[in-house]
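K.L.:
need a structure here:
(one chain, ligands or ions: 2)
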Amino acid sequence: MVTIKSKKEIEHMREACKIVALTYEELEKRIKPGMTTWEIDKIAEDTMKKYGGIPAQKGYSCGIKGIPDYPCATCVSVNDEVIHAIPSKKKIIKEGDIVSIDTVVLKDGFNGDAARTFTVGKVSKEAQRLVDVTKQAFYEGIAFAKPGYRIGDVSHAIGEYVRMQGYSVVEEFQGHGIGKEMHEDPGIPNYGKKGKGIRLEPGMTLAIEPMVIQGKHNILELEDGWTIITEDGSLAAHYENTILITENEPEILTLL
Ligand code: MF3
Ligand code: CO
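P.N.:
Residues are numbered from 1 along each chain as shown. Ligands and ions are numbered 1, 2, ... in the order given. Predicted coordinates for the structure are as follows:
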């Protein structure tokens, strides 16, 4: 069921999403070569707590028996890791890496969700282009995130843009509605057909999140039950914001 948020609920969404944005502002300033992905997670967790947010990913269950609950506030996925890599004291980031961070903040019963791919020091031209295309794919998608269009229009715009740039979108994971639950209806694939899916209406809050691979679209899951990597070893990037559908242009809630 797709929920339409009331005025008051939208205010709560704004608060949660603002804390996500502040967390990324802090990370942007502090990510440096030589840090562990564990340290990155600590900075994120401390920042969101400082602003009164709860790390919603910590303790999150994917619902599959035998897979442990997610242990951290963030996912920190480096280079060929696509999404959901668990922060580790042993994993050190270095100059030239691309680091995709994904986090969800819960505040007053509402969730805000965003992801960014950061570049560490100087990165290759190709890595930078992948990061830029992934971010632009989000904007290509939200050009259709308004009344008069359907989810399929957003999905199609993302998928076609990425394909035209010579990259692949991940097909097994998708964007989603968001609110009291981290994942609500509708699912929002990063590829699709124009004119298909539900109509967009004011008051919907959606997490739009292109996951883009430099090479082939195929992915693998590691034994930890969480980490997703590219099968061909090529780089991957992720860019996500929580948006609000309005009468006109969408509002991006997880930007300052
Ligand atoms: N933030 C992710 C999303 O965009 C969910 C992460 S799964 C978790 O949907 F286990 F890390 F929480
Ligand atoms: Co999301």
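K.L.:
From here on, just use CA atoms for contacts and neighbour counts.
P.N.:
Fine.
K.L.:
Could you see whether ligand 1 lies near stretch 13-29?
P.N.:
No - using C-alpha under 6 Å from any ligand atom, stretch 13-29 never reaches ligand 1; the gap is at least 11.1 Å.
K.L.:
roughly how far is that stretch from the heart of the chain?
P.N.:
The chain centre lies 13 Å from the centre of stretch 13-29; the measure is C-alpha atoms, centre = their mean, to the nearest Å.
K.L.:
contacting residues around that stretch?
P.N.:
Stretch 13-29 has contacts (C-alpha atoms under 8 Å, 6 or more residues apart in numbering) with 40, 43-44, 47-48, 51, 53, 103-108, 110-114, 116, 118, 179, 242, 253-256.
K.L.:
If any of those residues are buried, give me the PyMOL selection for them.
P.N.:
Of the contacts of stretch 13-29, the buried ones can be selected in PyMOL as follows, counting by 16 or more other C-alpha atoms under 10 Å:
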select buried, resi 40+43+44+47+48+51+53+103+104+105+106+107+110+111+112+113+114+116+118+179+242+253+254+255
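K.L.:
What parts of this protein come near ligand 1?
P.N.:
Within the chain, the positions adjacent to ligand 1 are 57, 60, 70, 75, 84, 102-104, 113 by C-alpha under 6 Å from any ligand atom.
K.L.:
Could you dump these into JSON lines with secondary structure added?
P.N.:
Output for these, formatted as JSON lines (DSSP: H, G, I helix; E, B strand; the rest coil):
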{"residue": "Q57", "secondary structure": "coil"}
{"residue": "Y60", "secondary structure": "coil"}
{"residue": "Y70", "secondary structure": "coil"}
{"residue": "C75", "secondary structure": "strand"}
{"residue": "H84", "secondary structure": "coil"}
{"residue": "D102", "secondary structure": "strand"}
{"residue": "T103", "secondary structure": "strand"}
{"residue": "V104", "secondary structure": "strand"}
{"residue": "D113", "secondary structure": "strand"}
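K.L.:
Which two among those are spaced furthest apart?
P.N.:
Spanning the widest gap among these are Y70 and D113, at 15.6 Å by C-alpha to C-alpha.
K.L.:
Sweet, I'm off.
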